[in-house]
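A.B. asks: Turn this into a structure:
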Amino acid sequence: SDYADALPALGAAGVQYTCIDLPEGDDAQAIANEVLPLMRPLGIQAVINGSFDEGVEVADLISERLCPETTNGYRLSEARHDKARMHEVVDEAGLRSLRSVEVHSYAAAVAHMREGRAAWPVVLKPRRAGGTFGVSVCHNEDELRSAIENTIGKTNPLGGTIDTLLLQPYVRGTEYVVNVASRNGTHMVTDAWMSQKKCSGSLILYQREDLVRSSSDVQGVVDYVKQTLDALGIRNGPSHTEVMRTDEGEVVLLEVNPRFQGCRPHARDAAALGRSAFEAVADSFLRPAIFMAEAEKPYTSEKAVCQLFLACPCEQAGALNKEMLSLIACLPTFVTFNRELYPLNRFCPRQGEREWFSRTGRVVFPPIRCKGRTTYLLNSPGVILLSDADATRLEADYDLIRRNERGLYLPAEPPFDCLCCKDKEGRMALCDGINPFEEEFALGQTLSQCQVRCRA
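C.D. replies: All right, here's what the predicted structure looks like:
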């Protein structure tokens, strides 16, 4: 998992850590009582939630009993992972939040809309879930019915059954992700990202996240996030907050997660940042004097950094095109694969080897499966991290991958129509300048025209 991949980063920052797999069940108190005897002899200084929603309350209960100096306490624990309660608490603190209405059925939702208490489009989302699972944008009653019928009663990625949804207004603007390390209410912004998602029907899919080059560039967003963390009682440890700066210039909360953001163990190296989120959290717990001295300083990135989120359009599960992935790994801006593609990183050439590997085509990846159509973040085929001091070069490689993305997704079993495009010498190559997956594609003789038509 992304969080398991983060553990070496914490270890490198000087943290001696112990991972506790939580017993199954919904009773946080009972789980905490079962785990506490295992943890008391270990001299725990801090407890970090390493999961999505299901670990928040347990982590807060354990930390409150074992390490009161670094706990966020249990009193507001529910508001830190239940989206309805979260927005209530933020609103009570005088900060702008989204007005949410809880609905259990299509009849209740459509009655709310027909009474004029909300305007189209609206957003539906579970109270507790992650990775955009169950999140839909609905523009009319038919889409509203479909979204509710396809979500209520389903099991979310966290293991719980979705029996209620929140109906919220759709907010237009620019979305930001802000990652913070905190110590006794002092907040350090380690990195902030501008997030772009796209609608596929009523689904919301991640498309890309671009690192904000300096936190001072989004100071209004940063100030709002820090006030939100205060309102929710997040005084210690990592947090991952998503907000929208509306077209009118106001900042409004989407959600807060009291954990590390997934999918970013290598962000510091890619951006040449002075400190990663893992190092900042380690300092906050183990070296508080160093943390406090640096906390208010804005970070600055020497490079442009982008996370590219893949999205498979195929209905059936299949395979990923290993040859095309090997070419992506040889791009000059490539840093690492993440999420489902993370196991491929140990086969990737180092920076100085990429030109040779690209010429010879000798990068060999093991088979990797694709789950089929991407419907939310956690069933995406994977994420590709790109970085370069020249943002223009980064954009060129980003566009190159997107133009060729359709060729990544192959049927489950061979034979395939082709594995990748070839240049005029017969070497594997990505197509440059055209989209080889369009129906009107004509056979050509050169790399820019492609010799074979790539399609799943």
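
A.B. asks: The stretch 151-300 of the chain: strands as residue ranges?
C.D. replies: With strands called from DSSP state E, counting those that start in this stretch, the stretch 151-300 of the chain shows them at 165-169, 173-183, 186-200, 203-211, 237-246, 251-257.

A.B. asks: Tell me which of those strands sits nearest to Cys67.
C.D. replies: Judged by C-beta to C-beta, the one of the strands of the stretch 151-300 of the chain that comes nearest to Cys67 is strand 237-246, at 10.7 Å. The C-beta positions use only the backbone N, C-alpha and C, and glycine is treated the same way.

A.B. asks: Show me what the closest one is packed up against.
C.D. replies: strand 173-183, helix 219-231, strand 251-257, helix 277-286 (3 or more C-beta pairs under 8 Å, 6 or more residues apart in numbering; DSSP states H and E).

A.B. asks: nearest to Cys314, of the strands of the stretch 151-300 of the chain?
C.D. replies: strand 186-200 (13.0 Å).

A.B. asks: between the closest one and helix 277-286, how many degrees?
C.D. replies: Angle, strand 186-200 to helix 277-286, by axes from the mean of the first three to the mean of the last three C-alpha atoms, to 10 degrees: 150 degrees.

A.B. asks: Pull out the buried positions in strand 186-200.
C.D. replies: Thr186, His187, Met188, Val189, Thr190, Asp191, Ala192, Trp193, Met194, Ser195, Lys197 (16 or more other C-beta atoms under 10 Å).

A.B. asks: can you check stretch 277-295 too?
C.D. replies: Judged by neighbour count using 16+ other C-beta under 10 Å, the buried positions of stretch 277-295 are Ala277, Phe278, Glu279, Ala280, Val281, Ala282, Asp283, Ser284, Phe285, Pro288, Phe291, Ala295.

A.B. asks: can you give me how far that stretch is from the chain middle?
C.D. replies: On the basis of C-alpha atoms, centre = their mean, to the nearest Å, stretch 277-295 sits 24 Å off its chain's mean C-alpha point.

A.B. asks: if we can go back for a sec, most tightly packed of the helices and strands packed on strand 237-246?
C.D. replies: helix 277-286 (a mean of 24; mean count of other C-beta atoms under 10 Å).

A.B. asks: That helix to strand 173-183, inter-axis angle?
C.D. replies: Taking the same axes, to 10 degrees, one finds helix 277-286 and strand 173-183 inclined to each other by 30 degrees.

A.B. asks: If you count contacts, what does helix 277-286 end up packed against?
C.D. replies: By 3+ C-beta pairs under 8 Å, 6+ apart, helix 277-286 packs against helix 2-12, strand 173-183, strand 186-200, strand 237-246, helix 267-271, helix 288-294.

A.B. asks: out of these, nearest to Pro313?
C.D. replies: Closest to Pro313 of those, according to C-beta to C-beta: strand 186-200, at 8.4 Å.

A.B. asks: Does anything pack onto that closest one? Which helices or strands?
C.D. replies: The helices and strands touching strand 186-200, judged by 3+ C-beta pairs under 8 Å, 6+ apart, are strand 173-183, strand 203-211, helix 219-231, helix 277-286, helix 288-294.

A.B. asks: got the CA positions of that strand in CSV?
C.D. replies: The C-alpha trace of strand 186-200 is given here as CSV (Å, rounded to 0.1, in the frame of the first residue of the first chain):
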residue,chain,number,x,y,z
THR,A,186,1.7,24.9,15.1
HIS,A,187,1.3,23.9,11.4
MET,A,188,4.0,23.4,8.8
VAL,A,189,2.9,23.2,5.1
THR,A,190,5.1,20.6,3.5
ASP,A,191,3.6,20.6,0.0
ALA,A,192,0.5,21.9,-1.8
TRP,A,193,-0.9,20.7,-5.1
MET,A,194,-3.3,22.1,-7.7
SER,A,195,-5.7,19.2,-8.5
GLN,A,196,-7.5,18.6,-11.7
LYS,A,197,-10.3,16.1,-11.9
LYS,A,198,-12.6,15.3,-14.8
CYS,A,199,-16.2,14.1,-15.1
SER,A,200,-16.8,10.8,-16.9
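
A.B. asks: any idea how far that strand is from the chain center?
C.D. replies: How far strand 186-200 lies from its chain's middle: 9 Å, per C-alpha atoms, centre = their mean.

A.B. asks: Could you list the paired strands of that strand along with their orientation?
C.D. replies: Strands flanking strand 186-200 in the sheet, each with its direction: strand 173-183 (antiparallel), strand 203-211 (antiparallel) (DSSP bridges).

A.B. asks: the inter-axis angle of that strand versus strand 251-257?
C.D. replies: 100 degrees.

A.B. asks: mean confidence score for strand 186-200?
C.D. replies: Strand 186-200 carries an average pLDDT of 93.

A.B. asks: hmm, back to that, okay, the buried residues of stretch 277-295 in JSON lines with distance to Ala389 and pLDDT next?
C.D. replies: Below are the buried residues of stretch 277-295 laid out as JSON lines (distance: C-beta to C-beta, whole Å; pLDDT from 0 to 100):
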{"residue": "Ala277", "distance to Ala389": "22", "pLDDT": "86"}
{"residue": "Phe278", "distance to Ala389": "24", "pLDDT": "85"}
{"residue": "Glu279", "distance to Ala389": "22", "pLDDT": "87"}
{"residue": "Ala280", "distance to Ala389": "23", "pLDDT": "90"}
{"residue": "Val281", "distance to Ala389": "27", "pLDDT": "90"}
{"residue": "Ala282", "distance to Ala389": "28", "pLDDT": "89"}
{"residue": "Asp283", "distance to Ala389": "27", "pLDDT": "92"}
{"residue": "Ser284", "distance to Ala389": "30", "pLDDT": "93"}
{"residue": "Phe285", "distance to Ala389": "33", "pLDDT": "92"}
{"residue": "Pro288", "distance to Ala389": "34", "pLDDT": "93"}
{"residue": "Phe291", "distance to Ala389": "29", "pLDDT": "95"}
{"residue": "Ala295", "distance to Ala389": "27", "pLDDT": "94"}
